[in-house]
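Visitor: Return atomic coordinates for the entry below.
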Amino acid sequence: MAASEEETEALTGLLDVARGLENLPVSAWPPGARLAPFQYTPDHVVGPGADIDPTEITFPGCTCVTTPCIPGTCSCLRHEENYDGSQCLRDMGSSEATYARPVFECNVLCQCGEHCRNRVVQRGLQFHLQVFKTEKKGWGLRTLEFIPKGRFVCEYAGEVLGSSEVQRRVRLQTAQDSNYIIAIREHVCDGQVMETFVDPTYVGNAGRFLNHSCEPNLLMIPVRIDSMVPKLALFAAKDIWPGEELSYDYSGRFLNLMDREAKERLHDEKLRKLCHCGAKSCLAFLPYDSSLYCPLEKLDSN
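Guide: Residues are numbered from 1 along each chain as shown. Presented below is the predicted three-dimensional model:
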């Protein structure tokens with residue numbers, strides 16, 4: 001049985017941010033640290049305006065009983081294996097890649113069993129992480145262990161929202177407020193775009209403490225397990241050493257590549273916040289998604 005938040009803090013002097021809901025405690029530094037209140041969840045929860053409840057099981061399971069899950073026979077593996085024998089993501093992208101390949105893991109209805117190699121993100125945290133106070137960026141998240149390139153680190157979990165609710169929340173933010181809302185846009189057939197909005201401001205996991213970097217050490221990949229609502233899984237983009245801060249690119253650029261439209265937006269400094277990542281290639285400002293801001297008249301007419 002997992003230790004309670006009070007028991008963990010009494011034993012170690014450090015708060016368990018995860019409140020016993022993860023495989024491993026997520027400590028907070030320094031001792032006695034008190035974070036702004038939020039409800040911890042290791043998984044997405046349905047929020048206002050969401051079209052699909054992320055907790056509903058909508059995918060069928062594979063029938064791999066006597067044979068391992070491999071491409072060609074397993075319905076969850078359409079193209080190639082997602083992970084190698086060390087639980088590392090096989091397709092980390094090439095220098096020319098501009099998008100991530102979709103990942104589908106075996107799910108609760110699959111007959112392959114819990115030891116299947118195509119079950120990684122669903123196993124939760126496998127490394128000890130720590131929330132800590134940074135010098136200029138508020139709270140951040142770091143690893144206390146070595147993480148090899150390609151290994152799953154954590155999810156970015158929170159409330160799954162509809163677009164109108166996202167716009168409402170964004171417009172209520174002040175210049176001093178942190179924006180935790182992320183918009184994931186996946187390009188499917190015939191030019192269609194699937195959008196997923198996640199907000200861990202009030203309900204979220206350790207991923208909400210991740211800071212942006214223009215040279216991130218994490219790569220965000222949408223991973224689907226039980227339903228079409230993707231888990232926003234963060235994998236190590238390089239070997240990460242103990243004590244190193246974890247970060248990803250808030251803009252969602254794959255492998256930190258920037259298209260012409262993104263470069264043009266750099267000159268629009270409206271509502272932009274300074275970036276303190278300290279990278280050599282720092283772009284000076286945090287990424288800004290203008291599509292989340294719309295006139296109130298449009299919002300009211302929906």
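Visitor: In this structure, spot the helix with the most residues.
Guide: Identified as the longest helix of the chain according to DSSP state H is helix 163-172.
Visitor: what about dumping the CA coordinates of that one to PDB?
Guide: What follows is helix 163-172 as a C-alpha-only set of coordinates in PDB (Å, rounded to 0.1, in the frame of the first residue of the first chain):
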ATOM      1  CA  SER A 163     -12.400  24.800 -27.500                       C
ATOM      2  CA  SER A 164     -14.900  27.300 -26.100                       C
ATOM      3  CA  GLU A 165     -13.900  26.500 -22.600                       C
ATOM      4  CA  VAL A 166     -10.200  26.800 -23.500                       C
ATOM      5  CA  GLN A 167     -10.800  30.300 -24.900                       C
ATOM      6  CA  ARG A 168     -12.900  31.300 -21.900                       C
ATOM      7  CA  ARG A 169     -10.100  30.200 -19.500                       C
ATOM      8  CA  VAL A 170      -7.300  31.900 -21.500                       C
ATOM      9  CA  ARG A 171      -9.200  35.200 -21.700                       C
ATOM     10  CA  LEU A 172      -9.500  35.200 -17.900                       C
END
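Visitor: Give me the distance between the residue most central in space within the chain and residue 206.
Guide: Geometric centre of the chain, nearest residue: residue 156, 2.8 Å, by Cα atoms, centre = their mean. As judged by Cβ to Cβ, to the nearest Å, residue 156 and residue 206 stand 9 Å apart. Any C-beta I mention is one placed from the backbone N, CA and C, and that applies to glycine too.
Visitor: per-residue confidence at residue 2?
Guide: You'll see residue 2 listed with a pLDDT of 44.
Visitor: any chance you could map the helices in this structure?
Guide: In the chain, the segments counted as helices under DSSP H are 5-12, 163-172, 260-265, 296-301.
Visitor: re earlier: gap between the residue nearest to the centre of the chain and residue 191?
Guide: Relative to residue 191, and taking Cβ to Cβ, residue 156 is found at 26 Å.
Visitor: ok, the residue lying closest to residue 246 once chain neighbours are set aside - contacts?
Guide: Leaving aside its sequence neighbours, residue 246 sits nearest to residue 141 (Cβ to Cβ, 6 or more residues apart in numbering; 4.9 Å). Contact analysis of residue 141 by Cβ atoms under 8 Å, 6 or more residues apart in numbering lists 129, 130, 131, 132, 154, 206, 207, 209, 210, 211, 245, 246.
Visitor: how near is residue 141 to residue 200?
Guide: Residue 141 is 12 Å from residue 200, where distance means Cβ to Cβ.
Visitor: hey, what's in contact with both of those two?
Guide: residue 207.
Visitor: Show me what the longest strand anywhere in the chain packs onto, helices and strands only.
Guide: Across the chain, the strand with the greatest residue count (assigned by DSSP state E) is strand 193-204. When contacts are defined as 3 or more Cβ pairs under 8 Å, 6 or more residues apart in numbering; DSSP states H and E, strand 193-204 packs onto strand 39-40, strand 158-161, helix 163-172, strand 182-187.
Visitor: Alpha carbons of it, as CSV, please.
Guide: Taking Å, rounded to 0.1, in the frame of the first residue of the first chain, the C-alpha atoms of strand 193-204 are listed here in CSV:
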residue,chain,number,x,y,z
VAL,A,193,-6.9,18.1,-38.1
MET,A,194,-7.7,16.5,-34.8
GLU,A,195,-7.4,18.9,-31.8
THR,A,196,-6.9,17.9,-28.1
PHE,A,197,-6.9,20.6,-25.4
VAL,A,198,-5.4,19.7,-22.0
ASP,A,199,-5.3,22.0,-18.9
PRO,A,200,-3.6,20.8,-15.7
THR,A,201,-4.1,24.1,-13.9
TYR,A,202,-6.6,22.8,-11.4
VAL,A,203,-6.4,19.0,-12.0
GLY,A,204,-3.1,17.6,-13.3
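Visitor: could you point out where this protein is predicted with low confidence?
Guide: Within the chain, the stretches with pLDDT under 70 are 1-13, 93-99, 252-271, 284, 288-302.
Visitor: Assess the claim that residue 159 and residue 208 are in contact.
Guide: No - the pair residue 159 / residue 208 is not scored as a contact, 11.1 Å apart, by Cβ atoms under 8 Å.
Visitor: what sits in contact with each of these two?
Guide: 200, 201.
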